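Visitor: coords please:
(2 chains)
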Amino acid sequence: MANILELQDVCMTFGQVKALQDINLSVREGEWVAIMGSSGSGKTTMMNIIGCMNKATSGTVILDGEKISRLNAKDLTAIRRDKIGLIFQQFFLISYLTAVENIMVAQYYHSMADEQEALEALERVGLGHRARHLPRQLSGGEQQRLCIARALINHPKIILADEPTGNLDEANQNAVMDIFHQLHKQGSTIIVVTHSPDVGSHADRIVRLEFGHMVSDGEKKA
Amino acid sequence: MTRRRMFFKMVMSSLIRRRSRMLVALLAVTIGATVFLGMASVYYDIPQQMGREMRAYGANMVLVPSGSEGLLALDEAAKAEASVPQGKLVGATPFRYETMYYHLQGLTVVGTNMDNVRKTSPYWQIQGDWPQREMEVMVGTDISENARLYSGSSFEMEIVQADGKREKKEFRVSGVVRSGGPEDGFVLMPLALMEKLAGNEGKASIVEMSIAGNSAELESLAEKIQHEVPAVTPRLVKRIMNSEASVLGKLQVLVYLVTAIVLFLTMIGVGTTMMTVVMERRKEIGLKKAIGAENRSIVGEFLGESLALAIVGGILGIFGGYFFSQAVSMSVFGRSVSMHVPIVLLTMVTSLAVTVLASLMPVLRATDVEPSIVLRGE
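Guide: Got it, this is the predicted structure:
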């Protein structure tokens, strides 16, 4: 399998603080990678860079064969829209739109809102019966599944999840992990940022960060 | 679903499902539009309303015969009246002055349209009544005192007719006039009676006109009348005209100031609310950018919300403004004002412009929000 993502000597500094130093990472297409580390280890910074929301101070980032490290804000927006599906710990749904409309928003920014396709996406995550509900009328697990449906709607090259089960109970955590397994089987590339060993254990490969350094990168032991 | 429909759905959902916050902005726009339309309607009607009010203090244009003609043909005066733009002529009253003799003493007798005078000179104090029957006249208070003529008295006057023939006629005093002006020394009778007694039908010495308009408009109109009706010479009554212009000018400045202040306050109200809305929705903006919204989409959505507010607020303000202008006009002038289509359109355009202008800075601030705000730890 070809590499879908490559980070070469990536550094990120905020003033005097070195958040990431000399990160080298390759992710193959269809791979499920967990980025783990304690608070302040640089996980979020790394996700910001991979998710095209921040630019690295130095180094090269190649996503789907395109060097994105020097793109301007507008081009980075286009990359996020076309190639990345984002899943957040706090869900971040639009409070005044229904479940199906929240998915259609992502379609709208990408190309064209298609209600039927959005409803099918909701069905896939088991929320077909909740399509006309507002986010506040959904449970935490349902909100996260809705967030996953939104992330998948534009068929992204990479699914990037930031602590996707951080706000969920065990049952909902398992439901979300089941969806990730299905996606992985279908060939999706998944990068999960987490501090939870349990969530990390589902991945093919675990990358560990400590104080901005990559301290390990290896296949999960069977 | 088309992009336009989705855009409309997002804008309307944001406004309807977050109505408690947006109601504040809507209220500001509605109040602004109400006061704007109310003040604009009053401003539009002030010259006419003031013209009617100022008529109580006398005419602002007097038509006199051109050349050495002693009398002015009322047909010619009617042509001059027709030159006045529609809606500007508040009133026109003919006056004919003749000398008649009471016990060999010459008296100035004024023949006029009594109905018009009754309306235009409400401040006259009448002891008795206005002339209603044949050969009834009113006498000024000075004549009344000197000649001991009172309401109900009968007296004779000698009339010199156009052919020089003298004739005595008996009159009855219907009432005594006290105006504090020259009328106190006049005998007043209906113009028709004077024409019957002294001949020269369809003529008057002068025609007093009250016209709504400022000094420049009146001067221009006088030139137009002079040019179009050569038999008539229009003279502007500077004292009345200047007083009217002065009062009108002050009222209009007041209206300008109030309107400008209200529009400014509306902008502050809308701008502050929109700024709060943007601050409250930073995470939503960040999320939209994170999932691929471009800055122009974010700006478009917020401006769409502002426009929707402006349209709804503008429409509510138009109805509110109509009642507001009626209330102002009724309490100040005692008359109602009509709804003018150009003012309604101007209110709508101003409402849109003020709301969009007030929203511009907050909306542009929205584009500064970084998408990384949605990530943990930001």
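
Visitor: OK, contacts around residue 64?
Guide: Just going to use chain A. Contacts for A:Asp64 (C-beta atoms under 8 Å, 6 or more residues apart in numbering or on different chains) come out as A:4-5, A:83, A:157. The C-beta positions use only the backbone N, C-alpha and C, and glycine is treated the same way.

Visitor: actually chain B
Guide: B:72, B:205-206, B:232-233, B:235.

Visitor: please pull up the helix or strand immediately following the helix or strand hosting B:Glu301.
Guide: Per DSSP states H and E: B:Glu301 is located in helix B:295-332. Next in sequence after helix B:295-332, counting helices and strands by DSSP H and E, comes helix B:341-366.

Visitor: mind listing what's buried along that following helix?
Guide: Judged by neighbour count (16 or more other C-beta atoms under 10 Å in any protein chain shown), helix B:341-366 contains these buried residues: B:343-344, B:347-348, B:350-352, B:354-356, B:358-360, B:362-363, B:365-366.

Visitor: now the angle from the helix holding B:Glu301 to helix B:341-366?
Guide: If you take axes from the mean of the first three to the mean of the last three C-alpha atoms, to 10 degrees, helix B:295-332 sits at 140 degrees to helix B:341-366.

Visitor: is any residue of helix B:295-332 near chain A?
Guide: Yes: interface with chain A: helix B:295-332 contributes B:295, B:297 (C-beta under 8 Å from any C-beta of the partner chain).

Visitor: please identify the buried residues of that helix?
Guide: B:295, B:297-306, B:308-310, B:312-318, B:320-322, B:324-326, B:328-329.

Visitor: got a list of contacts for whichever strand or helix holds A:Ile159?
Guide: For A:Ile159, the host element (DSSP H and E) is strand A:158-162. The contact list for strand A:158-162, computed with C-beta under 8 Å, 6+ apart, reads A:4-5, A:27, A:44, A:47, A:50-51, A:63, A:83-89, A:151-152, A:180, A:183, A:188-193, B:375-376.

Visitor: identify the residues contacting A:Leu146.
Guide: A:91, A:93, A:99, A:102-103, A:122, A:125, A:127, A:130, A:135, A:138.

Visitor: roughly how far apart are it and chain B?
Guide: 13 Å (C-beta to the nearest C-beta, to the nearest Å).

Visitor: next, the angle from the helix or strand containing that residue to strand A:158-162.
Guide: Using DSSP H and E, A:Leu146 maps to helix A:140-152. If you take the same axes, to 10 degrees, helix A:140-152 sits at 150 degrees to strand A:158-162.

Visitor: avg pLDDT for helix A:140-152?
Guide: Mean pLDDT, computed over helix A:140-152, is 91.

Visitor: helix, strand or coil for the closest residue to chain A within the stretch 51-200 of chain B?
Guide: The nearest approach of the stretch 51-200 of chain B to chain A comes at B:Gly87, 50.2 Å away (C-beta to the nearest C-beta). Recorded secondary structure, B:Gly87: coil (DSSP: H, G, I helix; E, B strand; the rest coil).

Visitor: circling back to that earlier point, of the contacts of strand A:158-162, grab the buried ones for ChimeraX.
Guide: Remark: buried members of the contacts of strand A:158-162, expressed as a ChimeraX selection using 16+ other C-beta under 10 Å:
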select /A:4,5,27,44,47,50,51,63,83,84,85,86,87,88,89,151,152,180,183,188,189,190,191,192,193 /B:375
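
Visitor: tell me which of the contacts of strand A:158-162 fall in helices.
Guide: A:44, A:47, A:50, A:83, A:151-152, A:180, A:183 (DSSP state H).

Visitor: just the residues you listed now: which is nearest chain B?
Guide: Closest to chain B, out of all of the ones in helices among the contacts of strand A:158-162 and judged by C-beta to the nearest C-beta, is A:Thr44, at 4.8 Å.

Visitor: just checking, that closest one touches A:Leu209?
Guide: No: with contacts counted by C-beta atoms under 8 Å, A:Thr44 stays clear of A:Leu209, the gap being 10.2 Å.

Visitor: ranking the contacts of A:Leu146 by neighbours, who comes first?
Guide: When neighbours are taken as other C-beta atoms under 10 Å in any protein chain shown, the top entry among the contacts of A:Leu146 is A:Ile103 (32 neighbours).

Visitor: that one and A:Ala151, how far apart?
Guide: 10 Å (C-beta to C-beta, to the nearest Å).

Visitor: same question, B:Ser151
Guide: Here B:Ser151 is placed at a distance of 99 Å from A:Ala151 (C-beta to C-beta).

Visitor: contacting residues for A:Ala171?
Guide: Counted by C-beta under 8 Å, 6+ apart, A:Ala171 has contacts A:Gly141.

Visitor: pull out the buried residues from the helix or strand containing it.
Guide: Element membership for A:Ala171, per DSSP H and E: helix A:170-185. By neighbour count on 16+ other C-beta under 10 Å, the buried set for helix A:170-185 is A:172-173, A:175-177, A:179-180, A:183-184.

Visitor: average pLDDT across that helix?
Guide: 87.

Visitor: and the strands in the chain, which stretches?
Guide: You didn't say which chain, so I picked chain A. A:3-14, A:17-28, A:32-37, A:58-63, A:66-67, A:84-87, A:158-162, A:189-194, A:205-210, A:213-219 (DSSP state E).

Visitor: think we crossed wires, I meant chain B
Guide: Under DSSP E, chain B gives strands at B:61-65, B:72-73, B:89-102, B:105-112, B:125-128, B:136-140, B:154-160, B:166-178, B:186-190, B:203-204, B:206-211, B:232-236.

Visitor: which pLDDT does the model give A:Ala222?
Guide: A:Ala222 is given a pLDDT of 45.

Visitor: so where's chain A uncertain?
Guide: A:219-222 (pLDDT under 70).

Visitor: count the neighbours of the residue of it found nearest chain B for me.
Guide: Relative to chain B, the nearest point of chain A is A:Arg81 (2.5 Å; C-beta to the nearest C-beta). Using other C-beta under 10 Å, A:Arg81 is surrounded by 21 other residues.

Visitor: run through the residues that contact it.
Guide: So A:Arg81 contacts A:109-110, A:154, B:291-292 (C-beta under 8 Å, 6+ apart).

Visitor: hmm, try it at 7 Å
Guide: Neighbouring residues of A:Arg81 by C-beta atoms under 7 Å, 6 or more residues apart in numbering or on different chains: A:109-110, B:291-292.

Visitor: and the residue lying closest to it once chain neighbours are set aside, what are its phi and psi?
Guide: Among residues not flanking A:Arg81 along the chain, B:Gly292 sits closest, at 2.5 Å (C-beta to C-beta, 6 or more residues apart in numbering or on different chains). Main-chain dihedrals, B:Gly292, degrees, to the nearest 10: phi 110, psi 10.

Visitor: verify the stated contact: B:Gly292 with A:His110.
Guide: Yes: between B:Gly292 and A:His110 a contact is recorded at 6.0 Å, counting by C-beta atoms under 7 Å.

Visitor: tell me which of these two has more neighbours.
Guide: Set side by side, B:Gly292 and A:His110 show more neighbours around B:Gly292, with 24 against 18, by other C-beta under 10 Å.

Visitor: the residue of the stretch 1-150 of chain B found nearest chain A: neighbouring residues, count only.
Guide: In the stretch 1-150 of chain B, the residue that lies nearest chain A is B:Arg17 (3.7 Å; C-beta to the nearest C-beta). For B:Arg17, the neighbour count with other C-beta under 10 Å is 15.

Visitor: how much space between it and A:Leu7?
Guide: Counting by C-beta to C-beta - B:Arg17 and A:Leu7 are separated by 41 Å.

Visitor: per-residue pLDDT, B:Ala56?
Guide: 64.

Visitor: again, but for the one 10 residues further on
Guide: According to the predicted model, the pLDDT of B:Ser66 comes to 86.

Visitor: and for B:Leu375?
Guide: On the pLDDT scale, B:Leu375 gets 60.

Visitor: for whichever residue of the stretch 201-350 of chain B sits closest to chain A, give its distance to A:Leu76.
Guide: Closest residue of the stretch 201-350 of chain B to chain A, C-beta to the nearest C-beta: B:Gly292 (2.5 Å). Distance, B:Gly292 to A:Leu76, by C-beta to C-beta: 10 Å.
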